[in-house]
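Asker: Attaching a predicted model along with its sequence, questions to come.
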Amino acid sequence: MNRLNGKVAIVFGAGRGIGRATAKLLASEGAKVAVLSLTQANIDAVVADIEATGGTALGVQCDVGDADQIKTAVLKVATTWGRIDILVNNAFDPSAVASSVLDLSAEQLQRNFDMGPLAYLRTMQACYPHLHASGEGRVINLGSAAGLLGMTGYAPYGMAKEAVRALTRTAAREWGPDKITVNNVMPIADTFGSDRPPLPNVFDRNGSPEADIAPVILFLATKDSQFITGYSLTPDGGMVIDAAR
């Protein structure tokens, strides 16, 4: 407990699923958490949950597909709390992820890039001065095995998430001297509480955002992970073994 006392975390895509679980867990460890999402009702619910357990949260509505909204949101968090130590990039558009290669349009692919690597790039750039000033900044990007494994039917999503992994690796090298770690998490989880059959993995189940995924993100946000950067962690029940390294 209290591993993140004095820290400020900003979680994009915090309205539900992995983002919500992460925001609540970081707050339970003492961080002040900015809850960013597109849907105000989801923001309010997560902030209320955090405050009900004695945590500190700030709700900020933000469309990560809009560069100006990202800048405004980051500025609001930094102005409110005076710092940003941890950035979690989790937002995406679930309505645009599925397509075969043959049917994929440039417009759908662009939507995935706008919500994925382009959005992550913009949040990282906006947060960089604060992460640098922190002296132990943390960036945790949410990737996916969809691109790594070439999952059929997810061409635009897989392409965008592999670009996120490349961004993570490059930033890790460039920002290491600034004492900022940049890592990638590639989970398999019931993100929206669906009852879909599990994707193939050793444990024959999809992960829980609260029990299986958020604790991995917490680890990357703490001092315990200070010597890990540019890495892809795969809390996926053994779906991918070693190939994502």
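Answerer: Yep, it's here. Everything quoted here is computed from the prediction, not taken from an experiment.
Asker: quick one: what helix or strand has residue 128 in it?
Answerer: helix 117-134 (DSSP states H and E).
Asker: Average pLDDT for that helix, rounded please.
Answerer: Helix 117-134 shows a mean pLDDT of 98.
Asker: Over to stretch 168-175?
Answerer: 98.
Asker: related to what we said a few turns ago, name the residues that touch the helix holding residue 128?
Answerer: 10, 12, 64-65, 67, 70-71, 74-75, 78, 83-85, 87, 89, 91, 137-139, 141, 160, 163-164, 166-167, 171, 175, 178-180, 182 (C-beta atoms under 8 Å, 6 or more residues apart in numbering). The C-beta positions use only the backbone N, C-alpha and C, and glycine is treated the same way.
Asker: what do you get if the cut-off is 6 Å, keeping everything else the same?
Answerer: 12, 64, 67, 70-71, 74, 78, 83-85, 87, 89, 137, 141, 160, 163-164, 167, 178, 180 (C-beta atoms under 6 Å, 6 or more residues apart in numbering).
Asker: Give me the distance between the helix or strand of the chain with the lowest mean pLDDT and the centre of its chain.
Answerer: One helix or strand of the chain scores below all others by mean pLDDT, DSSP states H and E: helix 145-149, with a mean of 88. From the chain centre to the centre of helix 145-149 is a distance of 17 Å (C-alpha atoms, centre = their mean, to the nearest Å).
Asker: angle of the helix or strand following that helix against helix 117-134?
Answerer: Next along the chain after helix 145-149, taking DSSP H and E as the criterion, comes helix 155-175. Angle of helix 155-175 versus helix 117-134, following axes from the mean of the first three to the mean of the last three C-alpha atoms, to 10 degrees, is 20 degrees.
Asker: then the least confident helix or strand of the chain to CSV, C-alphas only?
Answerer: Only the C-alpha atoms of helix 145-149 are listed here, as CSV (Å, rounded to 0.1, in the frame of the first residue of the first chain):
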residue,chain,number,x,y,z
ALA,A,145,-1.2,-9.2,-29.4
ALA,A,146,-3.4,-8.6,-32.4
GLY,A,147,-0.6,-7.3,-34.5
LEU,A,148,2.1,-9.5,-33.1
LEU,A,149,0.2,-12.7,-33.8
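Asker: Give me the helices and strands touching it, please.
Answerer: Helix 145-149 sits against helix 155-175, with contacts defined as 3 or more C-beta pairs under 6 Å, 6 or more residues apart in numbering; DSSP states H and E.
Asker: circling back: separate out the buried members of the contacts of helix 117-134.
Answerer: In terms of neighbour count (16 or more other C-beta atoms under 10 Å), the buried residues within the contacts of helix 117-134 are 12, 64, 67, 70, 74, 78, 83-85, 87, 89, 137, 141, 160, 163-164, 167, 180.
Asker: Can you say which helix or strand has the most far-flung residue of the chain relative to its centre in it?
Answerer: Distance from the C-alpha centroid of the chain peaks at residue 102, with 29.2 Å (C-alpha atoms, centre = their mean). Residue 102 belongs to no helix or strand when assigned by DSSP H and E.
Asker: Please renumber the chain so that the first residue is 359 from this point on.
Answerer: Let's use 359 as the start, then, which means that last one is residue 460.
Asker: roughly how far apart are it and residue 438?
Answerer: 48 Å (C-beta to C-beta, to the nearest Å).
Asker: Then residue 392?
Answerer: Following C-beta to C-beta, the distance that separates residue 392 from residue 438 is 8 Å.
Asker: Tell me, how many residues neighbour residue 361?
Answerer: 16 (other C-beta atoms under 10 Å).
Asker: Shouldn't it be within a helix?
Answerer: No - counting by DSSP: H, G, I helix; E, B strand; the rest coil, residue 361 falls outside a helix, being coil.
Asker: Isn't it up against residue 386?
Answerer: No - using C-beta atoms under 6 Å, residue 361 is not in contact with residue 386, being 9.9 Å away.
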